[in-house]
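# Could you work out the structure for the sequence below:
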Amino acid sequence: MFRKYIFLILFCILSSFAAQSQKNVPGYLGKKAFVDYNFNAPFLLYLGPKWNNFMHNVNFNYVIRRRAQIGLTVDFFNLHAIPSTGIESINGEKIYSSVSGGGVGVNFDWYSKKSIAPVGNYFRLSVKKLFGQFEDYDYGNGTSFIVDGDYDEFALEFGYGIRRIFFDQMVFNVGGSFGFIPGGGSDGTDERGYAYAVASSYIWRLHVGVGVLLF
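Have a look, this model is predicted:
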């Protein structure tokens, strides 16, 4: 699956090499590249407490201008509807839903006028390709199979965050984002399936992350 998105990795690598030729990009103590891990929590108003809905995200970032950077982003998630509360089906029985997968994409960050990348307040635009599997089971009189399948969608995200660097090495990041999945659920899947879980998870997410400067 990841081989389909290898062009995204190549795009970031080529852009990073191009950025190295820019002598006027300061970075932080001369370092322009860093990697960070972010723990994401979708806003419960949209996905609801019936779901175990935390996500994980890893980014490789590279400063290309005084107040701008690009990056490769990877998401991992495994979402579950809690069986004890469940989601009721049309016949009143409980539904157990599971959605697993991830996403690969690119970020573009630009910083406020008082900031110098990679430190300060920043805005982010992300484009991601999401893919994975979903399963729905009847949780009524014994578990029985309902439906499963694969999904493949695009996601657009706009975010805001604050990034700080401590001890000239450790990167701390906190913020949030709004997202949209064009055409999500176009296969007719109802709210028990992936369309509800994945699309709702990307509507509004909060994140906190840590990372390290590389070079």
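
# Identify the bridge partners of F178.
Applying DSSP bridges to F178 gives these bridge partners: F158, W204.

# ok, it to S112 distance?
For F178, the distance to S112 equals 19 Å [Cβ to Cβ, to the nearest Å]. In this view, the C-beta of every residue, glycine as well, is placed from N, C-alpha and C.

# and if you look at V212?
From V212 to S112 the distance is 23 Å (Cβ to Cβ).

# is it true that V198 lies in a helix?
Yes - per DSSP: H, G, I helix; E, B strand; the rest coil, V198 lies within a helix segment.

# Now for the protein, the helix or strand with the poorest mean pLDDT.
Lowest mean confidence among the helices and strands of the chain (mean pLDDT, DSSP states H and E): strand 87-88, at a mean of 48.

# Quick check: next helix or strand after that strand?
Reading on from strand 87-88 to the C-terminus, the next helix or strand found by DSSP states H and E is strand 94-111.

# Mind listing the strands that following strand pairs with, and their directions?
Its sheet considered, strand 94-111 pairs with strand 68-81 (antiparallel), strand 87-88 (antiparallel), strand 120-138 (antiparallel) by DSSP bridges.

# Please identify the buried residues of it?
Buried residues in strand 94-111, counted by 16 or more other Cβ atoms under 10 Å: 94-99, 101-107, 109, 111.

# Please export the C-alpha coordinates of that strand as PDB.
Coordinates of each C-alpha in strand 94-111 appear next as PDB, following Å, rounded to 0.1, in the frame of the first residue of the first chain:
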ATOM      1  CA  LYS A  94     -25.900  -3.300  19.400                       C
ATOM      2  CA  ILE A  95     -23.200  -2.800  16.800                       C
ATOM      3  CA  TYR A  96     -19.500  -3.300  17.300                       C
ATOM      4  CA  SER A  97     -17.400  -1.200  14.800                       C
ATOM      5  CA  SER A  98     -13.700  -1.300  14.200                       C
ATOM      6  CA  VAL A  99     -11.700   1.000  11.900                       C
ATOM      7  CA  SER A 100      -8.000   0.600  11.400                       C
ATOM      8  CA  GLY A 101      -5.500   2.300   9.100                       C
ATOM      9  CA  GLY A 102      -3.500   5.400   8.600                       C
ATOM     10  CA  GLY A 103      -2.500   8.200   6.200                       C
ATOM     11  CA  VAL A 104       0.500   9.600   4.400                       C
ATOM     12  CA  GLY A 105       0.800  13.200   3.300                       C
ATOM     13  CA  VAL A 106       2.600  16.500   3.200                       C
ATOM     14  CA  ASN A 107       2.500  19.500   5.500                       C
ATOM     15  CA  PHE A 108       3.300  23.100   4.800                       C
ATOM     16  CA  ASP A 109       3.800  25.300   7.900                       C
ATOM     17  CA  TRP A 110       4.200  29.100   7.900                       C
ATOM     18  CA  TYR A 111       5.000  31.000  11.000                       C
END
